[in-house]
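Trainee: Compute the structure for the input listed below.
(2 chains)
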Amino acid sequence: MPETSSDAAVLDAPDQKTPVVEFEDVSIYFEGKPVLQNISFAVERGQTMILLGPAGCGKSVLLKLANGLLKPDAGRIRVFGEEMARMRRREVYALRGRIGMVFQESALFDSMTVEDNVAYRLHEERIPETEAHARVVEALKFVELEDAIQKFPSELSGGMRRRVSIARAIISNPDLILYDSPTGGLDPITSTTIIELVMKQRDVSHTTSLVVTHRLQDAFVLATHRFDPAIGAMKPIPKDGPDGGIDAGTKFLMLNEGKIVFHGTTEDLVHSDDPWIKRYLE
Amino acid sequence: MTLLSPETLIKKQIAAVQEYSILSWTAIADIFTRPRYWADIFTQMDSIGVGSMPIIIMSGFFTGCVLALQSVTALQEFGAVSMTGSLVSLSMVKELGPVLTGLMVSGRNAAGMASELGSMKVTEQIDAMRALGTDPIRKLVTPRLIATVFMLFFLTIIADTAGIAGGTLVAVSMLGLNAGAYLHSSYSSLVHGDVVQGLTKPIFSGFIIATVGCYFGMKTTGGTQGVGRATTQAVVVSSVLIIIADFLVTRVMIGIFGS
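Mentor: Prediction:
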């Protein structure tokens, strides 16, 4: 959406040390029932935070809170150092221009072609058509779907829709990407393709991201692999290397019944003594 | 389905009125600030205005025909058949034209808006729009509001014209009245206040159709069943509100113009 220069100025030049996303004692209730309670965590610049937990534990709600699509009943949420709940409607929409989001069911605009879906944000920013087209082609090449540019979402498979959704989220080079179960409901091969794309975005563009998943396999692939641009595919991080086989920028946040049960590194997670976490990981 | 206590039910109704008022106010306020989605406004004008024309012409025309036919029977008893034109034109311009047009467009477009926006809501397309930095009220509701109010005004004029034409056709071809005398009676009976009254009503009806249709669409929950429910509610609520608004506008207009 075209914004005034004052709106853009408010959101530019973020402090490099400020966490990209910061939750401080956040709680939210739906019809009186607690969905998330006293959630506190921070995602640093360049970090990938994987949100794990059983279905219905509030992972997607947390992601919507991070994007300001829901407002917390208590606590504070800061994104790029700005408290969304205190911002004016116009400023919130300007801030969202810096956030990409991949929805659980893709949420593509079904009356638009793939090109118009991917170019949506560029059209809102009144980017010239030729430039927009070139950027759409580039984004679709990233997700290896350039042949589907003129198709409608109804003509695509679930995996293809998810890839278009990723292309739509990354086209404006966002500073933060929120992935809501990007592999949910997909077959294992397609899931791997999607996870590889998430990894590619992480390792090529170094974009800060929050990834919701309930598939442990996806989470650990993200934590133990890195995208190699030379071969155009992901490969395991060497165990005898400086990182010890684990991506240092990938952290875990585990939820159960609306509460944080774990927050830390991959290593801490796999060595946790908590019986519930052990049972979940098994 | 769970039974709600009267207190909870009242609170829910008040919250719904509050949500509707905020949506309407925001949609109106967005008319005066940038960005404006002109392409969406013109698309909606085409869909609501041009798309509704056939049903408006048909319903207006046949209402005029029936009105002429029915009124002649009653007027004959008083020897006032020559007043048929006056009765038809006054009824069409002041009441039937605006109300029928409002109800027909409500059935067609309030339902359309509720189902379109409802489908977008349940498939998270509205959330996606917000996540992509677009205000859905500005992009979806305001263009529909502008288009409905603007086009309903002209659709009402078309319905009035079609109704008077229908009345003329019946009066001349079936009842044997003189065409010139009929049209003269129709024209001379209308005064400034009648036209103002008839053309004020579609502004309110248009506002009701767009805001109620969009409100029920935007608050849809519960999948495809929810979309169906939202569509039904939008038509029922907007139709009832149009009739209530018609009564209130008529009362105010009588207060201003005295007849």
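Trainee: do you know how far A:R76 is from A:V43?
Mentor: Distance check for A:R76 against A:V43: by Cβ to Cβ, to the nearest Å, it reads 15 Å. Heads up, the C-betas are built off the backbone N, CA and C, glycines and all.
Trainee: Looking only at neighbour counts, state which of those two leads.
Mentor: Under the neighbour definition other Cβ atoms under 10 Å in any protein chain shown, A:R76 and A:V43 were set side by side, and A:V43 has more, 21 against 15.
Trainee: Bridged to the more buried one, which residues?
Mentor: A:V43 has these beta-bridge partners by DSSP bridges: A:V21.
Trainee: you'd agree it is up against A:L51?
Mentor: No. Using Cβ atoms under 8 Å as the test, A:V43 is too far from A:L51 to be in contact (10.3 Å).
Trainee: Could you pull out the residues contacting both of these two?
Mentor: Here A:V43 and A:L51 share the contacting residues A:L210, scored by Cβ atoms under 8 Å, 6 or more residues apart in numbering or on different chains.
Trainee: Alpha carbons only: can I get the helix or strand encompassing A:L253 in CSV?
Mentor: A:L253 is part of strand A:250-256 when elements are defined by DSSP states H and E. This file holds the C-alpha atoms of strand A:250-256, laid out as CSV (Å, rounded to 0.1, in the frame of the first residue of the first chain):
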residue,chain,number,x,y,z
THR,A,250,17.9,-21.7,14.7
LYS,A,251,16.2,-21.7,18.1
PHE,A,252,13.2,-23.6,19.4
LEU,A,253,10.1,-22.4,21.3
MET,A,254,7.8,-25.2,22.5
LEU,A,255,4.2,-24.6,23.5
ASN,A,256,1.7,-26.7,25.4
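Trainee: Residues contacting the very next helix or strand once past that strand, please?
Mentor: Sequence-wise, the next helix or strand downstream of strand A:250-256 (DSSP H and E) is strand A:259-265. With Cβ under 8 Å, 6+ apart as the test, strand A:259-265 has contacts from A:36-41, A:52-53, A:246, A:248, A:251-255, A:268-269, A:272, A:274, A:276-277.
Trainee: Name every strand pairing with strand A:259-265 and say which way it goes.
Mentor: strand A:250-256 (antiparallel).
Trainee: how distant is the partner strand from the center of its chain?
Mentor: Chain-centre distance of strand A:250-256: 14 Å, with Cα atoms, centre = their mean, to the nearest Å.
Trainee: And stretch B:133-152, by the same measure?
Mentor: Here stretch B:133-152 is found 16 Å from its chain centre; the criterion is Cα atoms, centre = their mean.
Trainee: Can you list the low-confidence ranges for the chain?
Mentor: Defaulting to chain A. Filtered on pLDDT under 70, chain A yields the residue ranges A:1-16.
Trainee: Wait, chain B was what I had in mind.
Mentor: The model of chain B has pLDDT under 70 over residues B:1-2, B:259.
Trainee: near chain A, which residues of it?
Mentor: Residues of chain B lying near chain A by Cβ under 8 Å from any Cβ of the partner chain: B:34-35, B:123-125, B:127-135.
Trainee: of those, buried ones?
Mentor: Neighbour-count burial (16 or more other Cβ atoms under 10 Å in any protein chain shown) is assigned, among those, to B:T123, B:E124, B:Q125, B:D127, B:A128, B:M129, B:R130, B:A131, B:L132, B:G133, B:T134, B:D135.
Trainee: Quick one: name whatever helix or strand follows the one helix or strand the fifth one maps to.
Mentor: By that I understand B:A128. Per DSSP H and E, B:A128 falls inside helix B:125-131. Using DSSP H and E, the next helix or strand after helix B:125-131 towards the C-terminus is helix B:136.
Trainee: That next one packs against which elements?
Mentor: Counting contacts by 3 or more Cβ pairs under 8 Å, 6 or more residues apart in numbering or on different chains; DSSP states H and E, helix B:136 is packed against helix B:125-131.
Trainee: Apply 6 Å and report the result again.
Mentor: Helix B:136 is packed against no helix or strand, with contacts defined by 3 or more Cβ pairs under 6 Å, 6 or more residues apart in numbering or on different chains; DSSP states H and E.
Trainee: what residues does that helix touch?
Mentor: B:I126, B:M129 (Cβ atoms under 6 Å, 6 or more residues apart in numbering or on different chains).
Trainee: Neighbours of B:L100, how many?
Mentor: 19.
Trainee: Figure out the helix or strand that it lives in.
Mentor: Secondary structure (DSSP H and E) places B:L100 in helix B:97-105.
Trainee: And the contacts of that helix?
Mentor: Residues outside helix B:97-105 that contact it (Cβ under 6 Å, 6+ apart): B:52, B:55-56, B:59, B:152, B:155-156, B:159-160, B:163, B:198, B:201-202, B:205, B:209, B:239, B:242, B:246.
Trainee: Equivalent analysis for stretch B:199-217, please.
Mentor: So stretch B:199-217 is contacted by B:20, B:23-24, B:98, B:102, B:105-106, B:109-110, B:113-114, B:117-118, B:141, B:144-145, B:148-149, B:152-153, B:156, B:230, B:233-234, B:237-238, B:241-242, B:245-246, B:249 (Cβ under 6 Å, 6+ apart).
Trainee: For that stretch, C-alpha coordinates in CSV please.
Mentor: The C-alpha coordinates for stretch B:199-217 follow below in CSV (Å, rounded to 0.1, in the frame of the first residue of the first chain):
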residue,chain,number,x,y,z
LEU,B,199,-34.3,10.3,-4.4
THR,B,200,-33.2,10.7,-0.7
LYS,B,201,-34.3,7.1,0.2
PRO,B,202,-31.9,5.3,-2.1
ILE,B,203,-29.0,7.1,-0.4
PHE,B,204,-30.0,5.5,2.9
SER,B,205,-30.9,2.2,1.3
GLY,B,206,-27.5,2.1,-0.6
PHE,B,207,-25.7,2.7,2.7
ILE,B,208,-27.6,0.0,4.5
ILE,B,209,-27.1,-2.6,1.7
ALA,B,210,-23.3,-2.0,1.4
THR,B,211,-22.5,-1.8,5.1
VAL,B,212,-24.8,-4.7,6.2
GLY,B,213,-23.6,-6.9,3.4
CYS,B,214,-20.0,-6.2,4.1
TYR,B,215,-20.4,-6.4,7.9
PHE,B,216,-21.9,-9.9,7.8
GLY,B,217,-19.3,-11.0,5.2
